[in-house]
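>>> next come a sequence and a model predicted from it.
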Amino acid sequence: MKKVNIILFGVGNVGSTLIDQFLKIRSRWTAESGIRLNIPVIANSGKALFMPKGIGENWKEDFDKNAEAYKLEDILEFSQKHQLENPVAIDATVSKDLVLDYPKLVQNGFHLVAANKVANTLSDEFYYGLRRELEKHKKHFYYETNVGAGLPIVQTVQGLHQAGEKVIRIRGVFSGSLSFIFNTFSESEGEFSEVLKQAGDLGYTEPDAREDLSGNDVGRKLLILARELQLKKEFKEVKIQSLIPEKLNGKTSTEDFQNRISELDEIFEKRKKNQKKNHVLRYVGELKVGRGSLEAKLISAPRESALGQIKGADNIFEIYTESYGEQPLVIQGAGAGAAVTARGVVCDVLKLSQRLN
Ligand SMILES: NC(=O)C1=CN([C@@H]2O[C@H](COP(=O)(O)OP(=O)(O)OC[C@H]3O[C@@H](n4cnc5c(N)ncnc54)[C@H](O)[C@@H]3O)[C@@H](O)[C@H]2O)C=CC1
Ligand SMILES: N[C@@H](CC=O)C(=O)O
């Protein structure tokens, strides 16, 4: 029997759904794959719950009652003291500080699984430095949910590239929240701000919705895919059209922004009206590999086109390669939401566990 110990950072929207999915699947993993999954530590930004034998169904009550203030060192010590076999740190936060500690986690024997996109979008130096550290310590890093949430995008692009296929262009709708917002707003009479709020309530937006509206989240996904194709790119090289008017951007607090979102209504109402007949708004990302260009922008697409037809929080990725020619390989489906994202993380943990002794 192979034991795998999960240390979960981030018990929010994705993290708490992930715990519930793990608790449901683990007896099947034991029976079918010989993997015994234990979750001895769960942590949010302030507190951590330490349970050497692992959390159970009452984890929420246990966390509320027994979680304590902690530092990363406490987790490293706990892991050593209890000789946790195959420790896996899962990052379901948006924290840059935690990402900067990834090398330390790896040096202390941890494998990594991240929904957080920050590690793959910091400088080239950090990106390759982390990979060198992983190689040196023979540890693995999975991050399928960084692009397309639970959709198999990263593995497909990695697979094509490693197999020698020439990827020419990747284009599509890369943001689940912006997809939901424009799919809904294009077809309804409702105000833009109401739809934006709905996207947040459904768990599609980033904790700060401006990360989505600024186009930064799409920019990050483009950069992650570009780096999978060995393009040496930095985030600042991604051309991004922000949807946030200057008066509401960076300088306002998140709360202030929330209170003023109705100021977006008139702007987007105008954009919707100023389109050709039977056209809809879509926020798209495009990576042109040969030119090394990465761009995220709002376009008006024919309603009957592939981009125009997507529904709900769907993402669509059109992957143009040499062998696929004019007809791209297309991957489409829900691109945001706690359930699909958590399931993508569960898949990563399963794949990682299958590689361990
Ligand atoms: N919601 C979605 O559809 C998708 C989300 N993701 C990514 O998943 C991550 C989590 O998203 P949500 O669950 O929606 O966010 P959330 O805001 O609901 O939860 C984040 C959690 O992280 C905790 N946290 C913050 N800093 C921490 C630290 N240094 N150490 C430990 N915990 C810390 C917070 O206390 C909170 O519990 C984000 O990076 C997001 O980009 C990725 C794909 C899809
Ligand atoms: N906010 C993101 C969530 C997944 O990465 C999105 O809308 O796509």
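Received it, and whenever you're ready, just let me know what you need. Ligands and ions are numbered 1, 2, ... in the order given.

>>> now the residue in the stretch 151-300 of the chain that ligand 2 sits nearest to, what's its secondary structure?
The nearest approach of the stretch 151-300 of the chain to ligand 2 comes at residue 177, 3.2 Å away (CB to the nearest ligand atom). For every residue, glycine as well, the C-beta is placed using N, CA and C. What DSSP: H, G, I helix; E, B strand; the rest coil gives for residue 177 is helix.

>>> return the residues of the stretch 151-300 of the chain in contact with ligand 1.
176, 203-204, 206-207 (CB under 6 Å from any ligand atom).

>>> which single one of these is nearest to residue 3?
residue 203 (31.4 Å; CB to CB).

>>> show me where the stretch 201-350 of the chain has helices.
210-213, 216-228, 254-259, 265-273, 338-355 (DSSP state H, counting those that start in this stretch).

>>> avg pLDDT for the last one?
Here the mean pLDDT over helix 338-355 is 98, rounded to a whole number.

>>> state the pLDDT value of the nearest residue to the residue of the stretch 151-300 of the chain closest to ligand 2 once chain neighbours are set aside.
Spatial nearest neighbour of residue 177, excluding adjacent residues (CB to CB, 6 or more residues apart in numbering): residue 204 at 4.0 Å. Looking at residue 204, its pLDDT reads 96.

>>> my guess is residue 204 meets residue 313, correct?
Yes: here residue 204 reaches residue 313: they are 5.2 Å apart, a contact under CB atoms under 8 Å.

>>> give me the common contacts of these two.
Here residue 204 and residue 313 share the contacting residues 176-177, 180, 336-337, scored by CB atoms under 8 Å, 6 or more residues apart in numbering.

>>> need the residues you listed in JSON lines (columns: neighbour count).
As requested, the shared contacts of residue 204 and residue 313 are exported to JSON lines (neighbours: other CB atoms under 10 Å):
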{"residue": "176", "neighbour count": "29"}
{"residue": "177", "neighbour count": "26"}
{"residue": "180", "neighbour count": "27"}
{"residue": "336", "neighbour count": "28"}
{"residue": "337", "neighbour count": "22"}
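
>>> picking that back up, any idea how far the residue nearest to residue 177 lies from residue 157?
23 Å (CB to CB, to the nearest Å).
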